[in-house]
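>>> Kindly generate the corresponding structure for this input.
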Amino acid sequence: MARRIGILLFPRLTQLDMTGPYEVLARLPNTTVELIARTLEPVTTDRGMQIVPTTTYADCPPLDVVMVPGGPGQQDLMEDEETLGFLRKQAAQAQFVTSVCTGSLVLGAAGLLKGKRATCHWNALEHLRPLGAIPVSEKVVIDGNIVTGAGVASGIDFALRLAAILESEQVAREIQLQIEYDPAPPFNSGSPKTAAREMVDRVRARGAQLSEARKTVVARVGKKLGV
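This is a model prediction of the structure:
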C-alpha cells in the first residue's frame with residue numbers, strides 16, 4: 001500500500017513551513033501527500049498565499065505520517081478541540097508524528113509531546129516547556145516517533161531527515177540533489193547563534209506582541225493539560 005503523509009493546513013500558517021517539506025516528501029516513492037483542512041475551501045497563509053486542501057478532517061484516511069506546520073494561526077489551533085481531536089486520533093495509529101516551526105506547540109496542546117524532546121522556532125522555543133515538552137535548540141529533533149523541525153526554512157532539513165528514516169539515506173540524498181538543496185546563505189544571520197545580538201533583539205522586539213499572545217495561550221493550555 002502507498003505511504004500516506006498528511007500535512008495540516010490552517011488560516012495564517014507560514015507557507016514555507018509546509019511547502020518546503022512538501023517538496024521533499026512528495027518525491028518519496030510510493031507516497032501520497034494529503035493537505036488537510038477543516039473544509040476544502042482555499043486556506044490563506046500569513047502572507048496572503050492561498051493553498052487548496054486535498055481532504056478534510058472528516059474524510060482524511062489513516063495517515064502513516066502526520067505533520068503540523070507553524071505560523072501565527074497556530075495559536076487558534078491550540079484551543080480548537082476539533083483540530084486537537086483529529087491530531088490525537090491520527091497520532092494514535094501513525095508511524096510518525098511531526099511538526100515544523102511552531103507546529104510543535106499544536107502537538108504539545110494535543111498532549112502529544114509530554115516528556116518528549118522537541119524543537120520549535122527559536123523565538124517560541126521557551127513555550128514548549130509549559131506544554132510538557134523538553135525544549136531542544138537544534139534544527140531537527142527526533143525522540144521516538146516524534147520528529148520536530150525548527151523555524152521555517154528548517155523544514156527542508158526536517159523533511160530530508162524524515163525521508164531518510166522513511167525510505168533510506170540514499171533516497172534522501174537523491175532528493176536533496178534533485179531539489180539542489182545546497183545551502184550557501186548570503187549572510188551569516190539565520191540563527192540567533194550567529195546573528196549579531198542587536199539584530200536578535202530587534203527581531204525579537206518586532207515579534208513581542210505575538211510572543212506574548214502565544215505565551216498567554218500556552219499557559220492556559222498547559223494548565224488544562226495539567227502540566
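>>> just checking, A109 touches M78?
Yes: counting by Cβ atoms under 8 Å, M78 is a contact partner of A109 at 3.9 Å. Yep, even glycine has a C-beta here, placed from its N, CA and C like the rest.
>>> any residues in contact with both of these two?
Both A109 and M78 are in contact with L84, V221, where contact means Cβ atoms under 8 Å, 6 or more residues apart in numbering.
>>> Which stretches in this structure count as helices?
15-25, 74-77, 81-91, 103-109, 154-166, 169-178, 197-206, 208-225 (DSSP state H).
>>> Who are the packing partners of the last one?
If I follow you right, that is helix 208-225. When contacts are defined as 3 or more Cβ pairs under 8 Å, 6 or more residues apart in numbering; DSSP states H and E, helix 208-225 packs onto helix 74-77, helix 103-109.
>>> What's the mean pLDDT across it?
Throughout helix 208-225, pLDDT has a mean value of 96.
>>> What are the contacting residues of it?
By Cβ under 8 Å, 6+ apart, the list of residues contacting helix 208-225 from outside reads 72, 74-75, 78-79, 102, 105, 108-109, 111, 114, 123-124, 127, 130-132, 204.
>>> again, but for the first one
By Cβ under 8 Å, 6+ apart, the surrounding residues in contact with helix 15-25 are 5, 7, 9, 31, 33, 35, 45-47, 49, 51, 65, 67, 69-71, 100-101, 103, 149, 152-153, 155-156, 158-160, 162-163, 175, 179.
>>> Mind checking which of those are in strands?
I5, I7, T31, V33, L35, I51, V65, M67, V100, G149 (DSSP state E).
>>> Can you tell me the closest non-neighbouring residue to the third one?
So the one you mean is T31. For T31, ignoring the flanking residues on the chain, the nearest one in space by Cβ to Cβ, 6 or more residues apart in numbering is R3 at 4.5 Å.
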